[in-house]
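1. Structural data only, the sequence is not supplied:
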């Protein structure tokens with residue numbers, strides 16, 4: 001396992017639940033999904049609830065989530081600063097829309113071939129513009145950049161398969177990272193209303209990243225209700 005250079009917050013009870021829509025939108029419609037989730041979120045002020053949406057709907061979602069308890073996250077950020085980088089979304093612009101960003105998701109590592117250098121540059125750009133980072137790792141072989149406050153363990157074998165990692169495996173990864181870092185530790189990978197209690201009952205898991213199951217507001221709200 002590579003040495004971490006990160007910092008930085010103590011682990012504790014379940015503190016966040018992030019919906020990651022990936023490259024898709026809820027069939028029920030963005031507005032209806034948001035209204036339902038916002039109502040549910042208001043009942044759990046001690047839980048940070050966020051939704052990471054495709055960049056095309058960031059502006060619409062900002063309007064829908066303003067002055068609510070639902071936070072807006074980005075699914076990615078450019079490794080480059082603001083400038084002549086066609087198609088990129090730099091942190092300098094993104095900071096006006098979001099309160100957090102996911103970096104290092106295994107789908108981007110696998111399909112878009114993002115390497116450690118690229119991921120480190122993305123983290124640096126986010127930090128320069130005060131955007132908190134949720135950094136995804138596939139296992140103990142991955143290095144976490146300096147300044148990352150939230151690590152999310154998302155084993156490739158659990159992404160989209162319906163088979164989450166065994167809790168003992170997750171605890172082993174957590175134990176190894178906790179020896180060299182005090183970054184908060186979360187989990188992602190086939191999290192749904194049937195599996196979330198396995199994670200929310202573990203005091204060392206500070207939150208979850210929810211993928212496809214978060215596209216249905218009823219399912220996502222059920223998950224929130226089980227995080228008490």
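-> It's in. Predicted model, so just to flag it, every value in this text is computed and none were measured. Residues are numbered from 1 along each chain as shown.
2. Pretty sure residue 47 sits against residue 223.
-> No. Contact criterion Cβ atoms under 8 Å: residue 47 and residue 223 do not qualify, at 10.6 Å. For every residue, glycine as well, the C-beta is placed using N, CA and C.
3. so what sits against both of the two?
-> When contacts are counted by Cβ atoms under 8 Å, 6 or more residues apart in numbering, residue 47 and residue 223 have residue 17 as shared neighbours.
4. Which one of the two is surrounded by more residues?
-> The residue with more neighbours, out of residue 47 and residue 223, is residue 223; 24 against 18, by other Cβ atoms under 10 Å.
5. Next up, the contacts around that one.
-> By Cβ under 8 Å, 6+ apart, the neighbours of residue 223 are 17, 191, 192, 193, 196, 208, 210, 213, 214.
6. repeat that with 6 Å
-> Residue 223 sits next to 193, 196 when contact means Cβ atoms under 6 Å, 6 or more residues apart in numbering.
7. and if you look at residue 136?
-> Per Cβ under 6 Å, 6+ apart, neighbours of residue 136: 104, 105, 152, 154.
8. List the residues that contact the spatially most distant residue from the centre of the chain.
-> Going by Cα atoms, centre = their mean, the residue of the chain most distant from its centre is residue 84, 28.2 Å out. Listed by Cβ under 6 Å, 6+ apart, residue 84 has no contact partners.
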